[in-house]
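**Q** Quick one, structure for this:
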Amino acid sequence: MKMIQKPTNRLLPAIILSIALLGCSKLPEVSPTAPPSTETEETQSNEVRSEKTRVAVPLATDSELTDLVRGNNDFAFGLYQKLREEESGNLFYSPYSISLALAMTYAGARDETERQMSNALHFTLSQDKLHPAFNALDLLLASRGEGSSGQDGKGFRLNIANAIWGQRGYAFLQNFLDKLAENYGAGMRIANFTEAPEDSRVTINDWVANQTEEKIKDLIPSGAINPLTRLVLTNAIYFNAAWLHPFDVRATAEGDFHLLNGSSVKAPMMRQTESFGYARSTGYQAVELLYDGSEISMVILLPDKGTFDAFENTLNAELISQISKDLRRQRIELTMPSFGFEAQFKLGATLKKMGMSDAFDPQLADFSGMDGTKDLSISDAFHKAFVLVNENGTEAAAATGVVIGVTSLPPRVTVDRPFIFLIRDIATNTTLFVGRVMDPR
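**A** Next comes the predicted model:
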C-alpha cells in the first residue's frame, strides 16, 4: 500500500475503481472491421450501444433490495477479513464498487462458475432479480446529496459510473449487452485489444482519470491488457462531501497516535464537542459523523486498548448492523486524526480464496452468457482507492448541532490508536467504503 502526501486544498474525496479483465483461453479469429449487431448501433464515439435504455423505475421490491444490501455487506466484511490477512498496514477499499463490477461480470456467468460467484459475492437473488435490484440501489444512491455541499465549493458528489470495453468484431450476445444497458447504463465501447493492447490500456486509464476527477491515474498496469483480452468491465465511484459538523482548523493540534507495537507517532488531531451518533459496548466505542444532508455518514469503530486484534477478528456484517442500530445521538467530546492514503490491490488471488476459482481458470470458466462459448475467463481484477479526511465543512453546517437535555459532561472519545471506519448510506445501510487506520501519517 502506498501512502500519499495530504494536499493543501483539504478536499474530502474517496475514489474507487475496480476492474474485471476477461481474457480468452485461446486466441480466436477476430475481424477488426466486423459490423456491430443489427440490434445495436455504433456511435461516432466508437461505442456499440444496445437499443435498450436504462430502466428508470426498476422492478425491484423492497424485500429484494434488502436482500441485495445484506448480501453486499456480508461480502464487504468477508473481503475485509481476507485483505487484512494480506496487508498489515492501512486499508481502504469500496466493497460496493467491487460488487457492482463483478455483478456485470456475473451477468454472463453460467453453471458452476455462476454458482461459485454467487456464493463468494453473497448474491442471493436470481439473475433476473439481482440486476434490477442493483439498478434500483444505484439510482437511490445517485439521488443522495441534493442541495448539499462538498468541500471544494462544487457541491456534494457521489458519482458512480460503469463502462464496458469489448474487442471490435467479437460476437457478444445481444441479451448480455441488453442486460448491462438496462441495469447498469453501460454501452459497449469498442477497443482493439488484439492489435493495439497498449493503446487500449491508455484509453481505459484516461476514462478512469476523467471519471475520478483526475485522482486515479494509470490504474491498469502495463502488460495487464494483451492480445488475448476480449472484455474489460469498469466501475468508478467518486465521493466528495462536507461534514455536517465541521472541525475548526484552529482547534487542530499535534498529538500522539499510539501504534499497536507500543510506539507512538505524531499526528494532527482534530477536536470538537458536538452531537454525534454514539454506541458503547464490550470491547469498543463507535461514533457516527454525518455528512452534509444527513444521508451518508462515517462510522468510526474504536476498539478498547489492547483489544484491536480481538475486535477485528469479530468484524462482520452482523456486528456492523447491530452497531448501526445501537447508535444514539448525544453530545461527544471527539478527538481524531486527519489522515489520507491510497491503496491498490490485485484481487484475483483473494477472490479465488473466497470461492470463485473457476472464473479465473481458462479450462473451467463458463461465461457463455457473454458470447455463447466457454472461451472467456477472468485474467485479473484490479482495485484502487484514495481517501482524505480532515477538518473542512461548509457554512450550511453551522446551523446544526443543538442538543436538548444534556445533563452531564459528554463522553470523551479520543481516537489516538488504530481504528476501523466505514462510509455508509443510512437509508439503505449500504456499505460504500471500508477502511482501517493503523498509522495516520
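**Q** Not counting the one helix or strand residue 114 maps to itself, show me its contacts.
**A** In this assignment (DSSP states H and E), residue 114 forms part of helix 111-121. Identification of contacts with helix 111-121 by Cβ atoms under 8 Å, 6 or more residues apart in numbering yields 71, 75, 99, 102-103, 105-106, 109, 123-124, 127, 351, 354-359, 364-367. Just so you know, the C-beta spots here come from the backbone N, C-alpha and C atoms, and that holds for glycine as well.
**Q** Buried residues in stretch 142-162, which are they?
**A** By neighbour count on 16 or more other Cβ atoms under 10 Å, the buried set for stretch 142-162 is 144-145, 148-152, 155-158, 160-162.
**Q** Would you map out the domains in the chain?
**A** 13-241+341-387, 249-339+393-437 (automatic domain parsing).
**Q** JSON lines for the ones you listed, including mean pLDDT?
**A** JSON lines is the format used below for these (pLDDT from 0 to 100):
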{"stretch": "domain 13-241+341-387", "mean pLDDT": "83"}
{"stretch": "domain 249-339+393-437", "mean pLDDT": "84"}
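**Q** Can you say which of those is packed in most?
**A** Across these, averaging neighbours per residue (mean count of other Cβ atoms under 10 Å) puts domain 13-241+341-387 on top, at a mean of 19.
**Q** quick one: it to chain centroid distance?
**A** Distance of domain 13-241+341-387 from the chain centroid (Cα atoms, centre = their mean, to the nearest Å) equals 11 Å.
**Q** got it, and stretch 426-441?
**A** Stretch 426-441 sits 10 Å away from the centroid of its parent chain (Cα atoms, centre = their mean).
**Q** Would you mind measuring from residue 432 to residue 237?
**A** Distance of residue 432 to residue 237, computed by Cβ to Cβ, to the nearest Å: 7 Å.
**Q** Which element is encountered next along the chain beyond the helix holding residue 114?
**A** Going down the chain from helix 111-121, the next helix or strand is helix 127-142, by DSSP H and E.
**Q** Hey, what's the angle from the helix holding residue 114 to helix 127-142? Just curious.
**A** 30 degrees (axes from the mean of the first three to the mean of the last three Cα atoms, to 10 degrees).
**Q** hey, which helix is longest across the protein?
**A** With secondary structure taken from DSSP state H, the chain has its longest helix at helix 62-86.
**Q** what residues does that helix touch?
**A** With contact meaning Cβ under 8 Å, 6+ apart, helix 62-86 is reached by 60, 91, 93, 95-96, 98-99, 120-125, 129-130, 132-134, 136-137, 312, 315-317, 320-321, 345, 350, 353-354, 428-431, 434, 436.
**Q** at 6 Å instead, please
**A** Contacts to helix 62-86, defined as Cβ atoms under 6 Å, 6 or more residues apart in numbering, come from residues 91, 95, 99, 121-125, 129, 133, 136, 315-317, 350, 353, 428-431, 434.
**Q** That helix relative to helix 111-121, how many degrees between them?
**A** Following the same axes, to 10 degrees, one obtains 80 degrees for the angle between helix 62-86 and helix 111-121.
**Q** what's downstream of helix 62-86, the next helix or strand?
**A** Toward the C-terminal end, the helix or strand that comes next after helix 62-86 (DSSP H and E) is strand 91-93.
**Q** And that following strand, what does it pack against?
**A** strand 376-389, strand 430-437 (3 or more Cβ pairs under 6 Å, 6 or more residues apart in numbering; DSSP states H and E).
**Q** now the shortest one against helix 62-86, angle please.
**A** It stands for strand 430-437. Angle of strand 430-437 versus helix 62-86, following the same axes, to 10 degrees, is 20 degrees.
**Q** what lines up beside strand 430-437 in the sheet?
**A** The strands beside strand 430-437 in its sheet (DSSP bridges) come out as strand 91-93 (antiparallel), strand 419-425 (antiparallel).
**Q** which residues touch the shortest one?
**A** Just to be clear, that refers to strand 91-93. With Cβ under 6 Å, 6+ apart, strand 91-93 has contacts from 83, 343, 383, 385, 387, 435-436.
**Q** Columns distance to residue 289 on top of these, output as TSV?
**A** What follows is those, written out as TSV (distance: Cβ to Cβ, whole Å):
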residue	distance to residue 289
83	24
343	21
383	25
385	19
387	14
435	13
436	17
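**Q** Pick the one among those residues closest to residue 331.
**A** Nearest to residue 331 out of the contacts of strand 91-93 is residue 435 (Cβ to Cβ; 25.8 Å).
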